[in-house]
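J.: Give me a model of this one.
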Amino acid sequence: MKTLDKKNRSLKDIRISVTDKCNFRCGYCMPKDIYNSSYQFLKKAEILSFEEIELLVNSFSDLGVEKVRLTGGEPLLRKNIHKLVERIKVNNKIKDVCITTNGVLMTKESVNNLKLSGLDRITFSLDSINESSFKKISDTNYTPSDVIQGIENALSAGFKNKKINVVIKKGINDNEIVDILSYFKNHDIEIRFIEFMDVGNTNDWSFEKVFGRDQILNEIEKKYTIKKVKDLAQSSTSEVWSYDYGRFGIISSVTKPFCTNCTRIRLTCDGKLYNCLFSSNGYDIMKFIRPFYMDDKLINFLNNLWKSRDDSYSLDRKKLITVNKVKDKAEMSYIGG
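T.: Next up, the predicted model:
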């Protein structure tokens, strides 16, 4: 079944947050002054089980979903996450299963388990290779070396499709763009620079703090010769360029939005669906899952939900901010970035 929304966009991808917890406290996602020792995270009974997630993926695949990305929070905080990957990979309609992680829990054992489970790709988050900047951004006692060790473990395990996401914030790490590219130039790994986005309501975002796509390119061109790569999937979130040692991408949700090609829906760990990363309201589907799974009713609901989808926040951002009509949005750590 092929389902189209009001802007003629297919449903092809689902991003599933498997936990609302994280071992980092990055200011753009989970600032420590809010997510501190008194913050009430979800209880185990409130979170979708692996069996429930598997059933949901099967239902979504009947509507055309082919790609699954597991996120959080930090997904490796979910015990035995590789067993969820095994469950999802049984479905032959799912062509790609990926995980996004900060990497510090990517031990050799974890990586090998994920490899054996059939995981197709890993995306790491690493916003700085400078120790002081890294600690300032992540607000933890971890170091860049801890993340890089996880990346090295993935390389050693034989993962071929790997990316590193780098959120660039003006005045914080925009001076490291070339350094990060240069550091990983011989690692056969694609760096993706991401503009600082106004996800949620707690990350103190403003246009003035965005280091945009063109500025990122200008920095890279100071050292490397670059060339645009054209043959990407229509629904890709990033533009890609080649440079002297490989490829890099830029996700420019602020300065060059890609809403017209967005084929993604998001599922939170407590069973709420969001049509957009910048959504204000989620749709609770637990009534279709507990106390027993109602597949036909759920698929009918999902089909109608996607058909009614009209989201294009990033295209409308400037106008909404100008007229002060931006609603409260779901937080990134909950909705799954």
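
J.: gap between the lowest-mean-pLDDT helix or strand in the chain and the chain center?
T.: Least confident helix or strand, the chain: helix 313-322 with a mean of 82, by mean pLDDT, DSSP states H and E. The chain centre lies 21 Å from the centre of helix 313-322; the measure is C-alpha atoms, centre = their mean, to the nearest Å.

J.: what do you get for stretch 83-96?
T.: That offset, for stretch 83-96, works out to 19 Å (C-alpha atoms, centre = their mean).

J.: go on, stretch 68-77?
T.: 9 Å.

J.: can you list contacts of it?
T.: 13-24, 57, 78, 81, 84-85, 88, 94, 96-102, 105-106, 110, 123, 269, 333, 336-337 (C-beta atoms under 8 Å, 6 or more residues apart in numbering). For the C-beta atoms, the positions are set from N, CA and C on the backbone; glycine is no exception.

J.: That one: end-to-end distance?
T.: One end of stretch 68-77 to the other measures 18 Å (C-alpha to C-alpha, to the nearest Å).

J.: Buried ones in that stretch, by neighbour count?
T.: 68, 69, 70, 71, 72, 73, 74, 75, 76, 77 (16 or more other C-beta atoms under 10 Å).

J.: Now residue 326: closest residue in space that isn't a chain neighbour?
T.: Spatial nearest neighbour of residue 326, excluding adjacent residues (C-beta to C-beta, 6 or more residues apart in numbering): residue 320 at 4.9 Å.

J.: hang on, the earlier thing: and the next helix or strand past the least confident helix or strand of the chain?
T.: helix 332-335 (DSSP states H and E).

J.: Report the backbone C-alpha coordinates of that next one in PDB.
T.: C-alpha atoms of helix 332-335 as PDB (Å, rounded to 0.1, in the frame of the first residue of the first chain):
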ATOM      1  CA  MET A 332      14.500  16.200  20.600                       C
ATOM      2  CA  SER A 333      15.500  13.700  23.300                       C
ATOM      3  CA  TYR A 334      11.800  12.500  23.400                       C
ATOM      4  CA  ILE A 335      10.900  12.600  19.800                       C
END
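
J.: Renumber starting at 853 from here on
T.: Okay, residue one is now 853; in that scheme the one you just asked about reads as helix 1184-1187.

J.: Buried residues, it. List them.
T.: In helix 1184-1187, counting by 16+ other C-beta under 10 Å, buried: 1184, 1185, 1186, 1187.

J.: Format these as CSV; extra columns: pLDDT.
T.: Formatted as CSV, the buried residues of helix 1184-1187 follow (pLDDT from 0 to 100):
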residue, pLDDT
1184, 84
1185, 87
1186, 89
1187, 88
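
J.: ok, the buried residues of stretch 920-929 vs residue 1093, which is closest?
T.: residue 921 (22.9 Å; C-beta to C-beta).

J.: which SSE is that closest one in?
T.: strand 919-923.

J.: Which stretches in the stretch 903-1052 of the chain count as helices?
T.: For the stretch 903-1052 of the chain, applying DSSP state H, counting those that start in this stretch gives helices covering 933-941, 960-969, 983-990, 996-1009, 1029-1035.

J.: For the fourth one, what is the distance to the chain centroid?
T.: In this case it means helix 996-1009. On C-alpha atoms, centre = their mean, the centre of helix 996-1009 falls 19 Å from that of its chain.

J.: next one: the first one
T.: Put simply, helix 933-941 sits 18 Å off its chain's centre (C-alpha atoms, centre = their mean).

J.: Pull out the buried positions in that helix.
T.: Those would be 933, 934, 936, 937, 938, 939, 940, for helix 933-941 by 16+ other C-beta under 10 Å.

J.: Could you do the longest one as well?
T.: Within helix 996-1009, the residues that count as buried by 16+ other C-beta under 10 Å are 996, 998, 999, 1000, 1001, 1002, 1003, 1004, 1005, 1006, 1007, 1009.

J.: Identify, from those, the entry nearest to residue 1129.
T.: residue 999 (23.1 Å).

J.: With adjacent residues omitted, what lies nearest to the closest one?
T.: Using C-beta to C-beta, 6+ apart, the nearest residue to residue 999 is residue 955, at 4.1 Å.

J.: how far away is the one you found from residue 1099?
T.: 20 Å (C-beta to C-beta, to the nearest Å).

J.: Neighbour count: those two, which is higher?
T.: residue 955 (26 against 16; other C-beta atoms under 10 Å).

J.: what's near enough to touch that one?
T.: So residue 955 contacts 976, 977, 978, 998, 999, 1000, 1001, 1002, 1003 (C-beta under 8 Å, 6+ apart).

J.: switch the cut-off to 10 Å
T.: Contacts for residue 955 (C-beta atoms under 10 Å, 6 or more residues apart in numbering) come out as 926, 928, 963, 974-978, 994, 996, 998-1006, 1016.

J.: What of residue 947?
T.: 864, 913, 917, 918, 919, 920, 972.

J.: mind redoing it with 7 Å?
T.: Applying C-beta atoms under 7 Å, 6 or more residues apart in numbering to residue 947 gives the contacts 918, 919.
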